[in-house]
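A.B. asks: Fold the stuff below for me.
(one chain, ligands or ions: 1)
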Amino acid sequence: MAFPQAFLDELIVRNPIEDVVGQYVQLKRSGANYFGLCPFHGEKTPSFSVAPNKQMYYCFGCHKGGSVINFIMEIESLSYPDAVRFLAQRVNLEVPDDRENQSQYREQERLWDLCRDAARYFHEMLKSDAGQTARAYLLRRGLDWNTVARFGIGFAPEGWRNLADAMEQKGYTRAELLAADLAVSKEKNGRASFYDKFRNRVIFPLIDIRGNVVGFAGRTLDPDGKPKYINSGETLIFRKRKFLYAMNLVKKSRQGRIILCEGPLDVIACHQYGFDCAVASQGTALTEEQVNIISKYVDQVVLTYDSDQAGQNATQRAISMFEKAGVKVKILRLYDAKDPDEFLHRFGADPFAVLLQGSENQADYRLLTLQSQYDLTVDEQRVEFSQKAAELISTFSNSVEREIYADRAAKSAGISKEAMLVEVGKAYKKRQYREKRQKEKRDLSPATAIQPKSREIRYSNIRSARAEESVLAQSVIEPALLDRIGDLTGAEFSSPLLGRAFDALCSRHRAGLTVSIAVLEGFTQEEMAHLSGICQGVDRVAGETAFQDCIDIIREEHRKAGQTNSETDLLALQEQLKSKKGYRGQ
Ligand SMILES: [Zn+2]
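C.D. replies: Numbers count the residues shown, from 1 in each chain. Coordinates of the predicted model:
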């Protein structure tokens, strides 16, 4: 996966991190660094930092960080080679031919082309005579032709090999049709068959955030046809967990929120009626990846799941996922209609806008859900409801909000508002006490504080790891310090990750290249984030003596580890010998 080092250096120099990040995040200068609101987690005060001199970014809140390449990978959801291409294109830099990257990229490009051509084919079929029933169906569902064209809706005719034949004629292979999950290959009784996956269905192309057709959803035209929808499976270009239907259109919306629907027809109806901020997760329950994508664009989401039990469960789940990502959730309750599609076609845009404005907020929704679990005509249940409600209300950070909902809950429970507020106060204190205790516990064990989050890169020796971190951070600020390391190598580091980074920096220093974490290759997103966290915390050189002390600590700890290893080896050997038959000891 290697690009030539000189090319990567040039790429980093020509894409100053503060410029690139500045296109996504409003940055304010403060000393040598810039600060802004983190695009990867919701926050009100900036903890996201960009250091132009180190060419790195780091968030002190969610601990994401790395080089300009890592930033683009994260924010544009791209793979490493694609992020490199993205940045090269940004500054008109030619990407050197690299066989391994290229071949996977070429394969992807072929599948994008194939899916685009298939979408065109389906759309032509919809316009043709064969597409009459499909057109009638769409009309019946209230879609106008503009909408049909905007979403590229199509039709897969009856028959076994329509698409496959058309695409083979265009030069695509069967293997490619299978790789794009457009065809099915089966063997039965020794006879192989190969046929179209989508037959006699209305086709909704699935277009990713960058505008590539990556898959399809097909809805049956047969009223008794099952399943109602079939979707493309996972392919090289289609990752369900990361996909949101219509996100390519929504990312241009100026409505400041996203409406999350259940299926493509709901999304399409919203867009047709002017609500150009509707998306749907496609064929999966909401995933963390999808929540992250949404949280990059808006800080408010409106849920429109069905009001049945499954929908209620999905809503609860979504609320807590969005909450974690710092996105505010509103629930859209559609009375007299089961989904936005039906509502919009029956009542139009204005009532929908009114509902959207007044959509109950999460607090209200949660209180109602809680209430529905109790029979409030029974005294014991009223008491229990009051306590649970107080606990819930005590989590609201705003005191006005607490007051309003305490009042509401009190009315439902048939008690006075004052009594309810007393309960809320108690619950609030209890929680604060618990949180304080937890914090004290954490502070008492400082070792965990500097541990990397991920288990794979955990430190085994905190004393040495601290020294190793310091050596790395100092070398990045003052590469000349690397002349003073003697014959120290990364192999002596207790942390394999830090050792690897150290070796990479040393070899760059010896080759006369810039000594920077940002240009290193072959580290995962997580590893890069951890390394940039280490560097971002340090802005000044601690001095040669301090540097030397760190080196001494690393060597000392390494020696100790070597001894314990050989001691344990010896013990293990003795144990082994003892257990052998015929061994008599000394
Ligand atoms: Zn963050």
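
A.B. asks: residue boundaries of the strands in the stretch 51-200 of the chain?
C.D. replies: The residue ranges that make up the strands of the stretch 51-200 of the chain, judged by DSSP state E, counting those that start in this stretch, are 56-59, 65-66, 154-156, 183-188, 191-196.

A.B. asks: quick one: which of those is nearest residue 317?
C.D. replies: Closest to residue 317 of those, according to C-beta to C-beta: strand 56-59, at 25.8 Å. All C-beta atoms are positioned from the backbone trio N, CA, C, and that covers glycine.

A.B. asks: so what does the closest one touch, helix or strand wise?
C.D. replies: helix 17-22, strand 48-51, strand 65-66, helix 68-76, helix 525-536 (3 or more C-beta pairs under 8 Å, 6 or more residues apart in numbering; DSSP states H and E).

A.B. asks: For stretch 126-133, give me every contacting residue.
C.D. replies: With C-beta atoms under 8 Å, 6 or more residues apart in numbering as the test, stretch 126-133 has contacts from 125, 134, 135, 148, 153, 154, 155, 157, 202, 203, 221.

A.B. asks: And the furthest pair within the residues you listed?
C.D. replies: Put simply, by C-beta to C-beta the two of the contacts of stretch 126-133 set farthest apart are 148 and 157, 16.7 Å from each other.

A.B. asks: Tell me the spacing between the residue of the stretch 101-250 of the chain found nearest the ion and residue 80.
C.D. replies: In the stretch 101-250 of the chain, the residue that lies nearest the ion is residue 242 (19.3 Å; C-beta to the ion). Using C-beta to C-beta, to the nearest Å, one obtains 16 Å as the distance from residue 242 to residue 80.

A.B. asks: these two touch, right, residue 114 and residue 171?
C.D. replies: No. Residue 114 is not in contact with residue 171 according to C-beta atoms under 8 Å; the separation is 9.8 Å.

A.B. asks: Would you mind telling me which of those two has the busier surroundings?
C.D. replies: Between residue 114 and residue 171, counting by other C-beta atoms under 10 Å, residue 114 is the more crowded of the two (22 against 10).

A.B. asks: ok, that one to residue 298 distance?
C.D. replies: Residue 114 sits 33 Å away from residue 298, taking C-beta to C-beta as the criterion.

A.B. asks: what does this protein put close to the ion?
C.D. replies: If contact is defined as C-beta under 5 Å from the ion, the residues of the chain in contact with the ion are 38, 40, 41, 59, 61, 62.

A.B. asks: OK, contacts around the closest residue to the third one other than its chain neighbours?
C.D. replies: Going back to what we said before, that points to residue 41. In space, and not counting its chain neighbours, residue 41 is closest to residue 62: 4.0 Å by C-beta to C-beta, 6 or more residues apart in numbering. In this structure, residue 62 makes contact with 38, 40, 41, judged by C-beta under 8 Å, 6+ apart.

A.B. asks: And the second one, what's its pLDDT?
C.D. replies: At residue 40, the predicted lDDT confidence score is 87.

A.B. asks: What are the buried residues along the strand or helix carrying residue 498?
C.D. replies: Under the criterion of DSSP states H and E, residue 498 resides in helix 496-510. Within helix 496-510, the residues that qualify as buried by neighbour count (16 or more other C-beta atoms under 10 Å) are 497, 498, 499, 500, 501, 502, 504, 505, 506, 508, 509.

A.B. asks: can you check stretch 144-158 too?
C.D. replies: Of the residues in stretch 144-158, those buried by neighbour count under the rule 16+ other C-beta under 10 Å are 147, 148, 151, 152, 153, 154, 155, 156, 157.

A.B. asks: Then stretch 183-190?
C.D. replies: The neighbour-count check on stretch 183-190 (16+ other C-beta under 10 Å) flags residue 183 as buried.

A.B. asks: cool, stretch 481-489 as well?
C.D. replies: By neighbour count, with 16+ other C-beta under 10 Å as the criterion, the buried positions of stretch 481-489 are 481, 482, 485, 488.

A.B. asks: hang on, the third one packs against residue 509?
C.D. replies: No. The pair residue 485 and residue 509 does not pass the contact test of C-beta under 8 Å, sitting 9.5 Å apart.

A.B. asks: so where's the stretch 251-400 of the chain shaky on pLDDT?
C.D. replies: By pLDDT under 70, the weakly predicted segments of the stretch 251-400 of the chain are 283, 307, 335, 358-362, 397-398.

A.B. asks: residue in it nearest to the ion?
C.D. replies: Across the stretch 251-400 of the chain, the shortest distance to the ion (C-beta to the ion) belongs to residue 326, at 9.1 Å.

A.B. asks: The helix holding residue 498: how far from the chain's middle?
C.D. replies: Centroid displacement of helix 496-510 relative to its chain, using C-alpha atoms, centre = their mean, to the nearest Å, is 30 Å.

A.B. asks: which other helices and strands contact that helix?
C.D. replies: Contact partners of helix 496-510 among helices and strands, from 3+ C-beta pairs under 8 Å, 6+ apart: helix 462-477, helix 525-536.

A.B. asks: among the ones you listed, which is nearest residue 405?
C.D. replies: Each of the helices and strands packed on helix 496-510 was checked against residue 405 via C-beta to C-beta, and the shortest separation belongs to helix 525-536, namely 38.2 Å.

A.B. asks: Quick one: mean pLDDT over stretch 207-227.
C.D. replies: Across stretch 207-227, pLDDT averages out at 89.

A.B. asks: Ends of that stretch, what's the gap?
C.D. replies: Taking C-alpha to C-alpha, to the nearest Å, the first and last residues of stretch 207-227 lie 22 Å apart.

A.B. asks: same question, stretch 297-308
C.D. replies: Stretch 297-308 has its terminal residues 29 Å apart, counting by C-alpha to C-alpha.

A.B. asks: For that stretch, which residues meet the burial criterion?
C.D. replies: Going by neighbour count (16+ other C-beta under 10 Å), the buried part of stretch 297-308 is 297, 298, 299, 301, 302, 303, 304, 305, 307.

A.B. asks: OK, contacts around the closest residue to the ion within the stretch 401-550 of the chain?
C.D. replies: The ion sits closest to residue 529 of the stretch 401-550 of the chain, with a gap of 10.1 Å, by C-beta to the ion. For residue 529, the set of contacting residues under the criterion of C-beta under 8 Å, 6+ apart consists of 58, 63, 64, 65, 66, 70.
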